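> task: produce atomic coordinates for the following.
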Amino acid sequence: MLSYQHLYHAGNLADVHKHAALAWVLSYMTRKDKPISYLETHGGRGLYDLAAPEAVKTGEAEAGIGQVEHWFEADHPYRAVLAGCRDEHGDTAYPGSPWIASRLLRPEDRLHVAELHPAEGAALQASVPGAHIHLQDGFDMAYSLCPPTPRRGLLLVDPSYEVKSDYTDLPRHLARIARIWPVGVLMLWYPILTDERHRGMVRALTAALPDALRHEVRFPPAREGHKMVGSGLFVVNAPWGLDGALKALSDRFAAL
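The predicted model follows:
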């Protein structure tokens with residue numbers, strides 16, 4: 001399916017959850033004097049304008065980063081990337097995960113991002129220069145590269161979940177990649193909807209990868225009738241300290 005465009009949802013509370021965790025992990029992993037590989041299976045356009053009609057229409061950014069940015073101190077890597085993005089692109093700019101990665105990685109690191117949607121892929125190439133952009137299925141890219149060089153690294157899996165088979169296919173994909181790349185940090189994001197359809201997928205993931213870290217937050221719907229009421233992360237080979245960083249984030253979300 002090639003209809004999904006994240007601009008309608010950029011900067012929402014799920015993005016805050018996912019991007020704060022991603023920025024923390026990348027900041028942690030780049031402290032060591034060893035190069036890393038960053039792979040992302042569903043890149044989107046990489047950079048968003050929260051004043052665009054699509055973003056304003058849903059109100060998700062206003063209910064998201066617009067109300068919770070103060071949660072993060074100025075030296076938090078997520079807050080620092082937000083500030084850098086606005087310095088470069090204006091006060092209403094918001095970075096997608098490929099843009100976040102591009103600013104936290106070092107010259108010796110490698111950045112590979114897949115995006116199948118033609119228009120989104122073209123925008124991604126423009127917004128994240130220097131990255132290896134793959135205009136193909138994200139898992140095809142992951143299987144072709146894993147284990148990557150450098151071997152140390154992170155894979156972010158962040159599909160739209162508009163394809164129903166995602167919920168049954170993702171546990172198989174993650175388990176296979178974990179076997180191919182046993183030292184890789186694998187981070188899967190998933191939405192929590194009112195019908196709780198994620199539960200079967202999470203059970204399958206936990207059965208296949210029992211040592212992974214799972215973290216979920218709940219929040220009010222962005223607007224009346226909106227079905228997303230939470231956000232989840234499933235992290236294989238979670239870096240030391242991530243569970244504590246996510247616990248602090250849980251406390252913030254619980255107060256909404």
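
> Asp15 contacts Ala21, correct?
No - judged on CB atoms under 8 Å, Asp15 makes no contact with Ala21 at a distance of 10.7 Å. C-beta: built from backbone N, CA, C; applies to glycine.

> where does the prediction get shaky in the protein?
In the predicted model, the chain carries pLDDT under 70 at residues 1-3.

> quick one: contacts for Gly11?
Neighbour list for Gly11: Tyr48, Leu50, Ala55, Glu60, Ala61, Gly64, Ile65, Gly66, Tyr94 [criterion: CB atoms under 8 Å, 6 or more residues apart in numbering].

> the residue nearest to it when sequence neighbours are not counted and Pro182: what is the separation?
Among residues not flanking Gly11 along the chain, Ala61 sits closest, at 3.5 Å (CB to CB, 6 or more residues apart in numbering). According to CB to CB, to the nearest Å, Ala61 and Pro182 sit 38 Å apart.

> could you do Val128 as well?
28 Å.

> who's more crowded, these two?
Between Val128 and Pro182, counted using other CB atoms under 10 Å, Val128 has the larger neighbour count: 24 against 11.

> now tell me what touches the one helix or strand Leu170 maps to from outside.
Under the criterion of DSSP states H and E, Leu170 resides in helix 166-180. The contact list for helix 166-180 (CB under 8 Å, 6+ apart) reads 139, 142-143, 146-147, 155, 157, 159-161, 184, 186, 188, 190, 197-198, 200-201, 204-205, 207-209, 234, 236.

> likewise for stretch 132-152?
Outside stretch 132-152, the residues within contact range by CB under 8 Å, 6+ apart are 29, 34-37, 39-43, 109-116, 118, 121, 124-125, 155, 157, 159, 173, 176-177, 180-181, 183-184.
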